[in-house]
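Undergrad: coords please:
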Amino acid sequence: MGDIREFLIRSSHKVIGHYQFLLETATSNAERQRYRSRIEEETRLLDALTVEAKQAA
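TA: Below you'll find the model as predicted:
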């Protein structure tokens with residue numbers, strides 16, 4: 001189970017990085033808001049995964 005959780009955590013970091021790149025290159029306010037929202041959501045999911053990983057250890 002730990003391997004899957006670690007994979008999800010690494011993947012979440014990658015997704016956040018991709019959204020940060022998209023945010024930096026966004027051409028409109030609507031795009032920037034959408035990417036900020038997705039970064040926030042992915043960060044919440046990452047935080048939850050991290051807490052679960054610490055509790056499982």
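Undergrad: which residues does the residue sitting nearest the centre point of the chain contact?
TA: Taking C-alpha atoms, centre = their mean as the criterion, Glu42 is the residue nearest the geometric centre of the chain, at 3.3 Å. Taking C-beta atoms under 8 Å, 6 or more residues apart in numbering as the contact definition, Glu42 lies against 12, 15-16, 19. Where you see a C-beta, it was placed from the backbone N, CA and C, and this is true even at glycine.
Undergrad: what's the single longest helix in the protein?
TA: Under DSSP state H, the helix in the chain containing the largest number of residues is helix 29-56.
Undergrad: What is the distance between that helix and the centre of its chain?
TA: On the basis of C-alpha atoms, centre = their mean, to the nearest Å, the separation between the geometric centre of helix 29-56 and that of its chain is 4 Å.
Undergrad: Tell me the buried residues in that helix?
TA: If you call a residue buried by 16 or more other C-beta atoms under 10 Å, then helix 29-56 has these buried ones: 35, 38-39, 42, 46, 49.
Undergrad: ditto for stretch 20-29
TA: Those would be Leu23, for stretch 20-29 by 16+ other C-beta under 10 Å.
Undergrad: And for it, what's in contact with it?
TA: With C-beta under 8 Å, 6+ apart as the contact definition, stretch 20-29 has outside contacts at 31-32, 35-36, 39.
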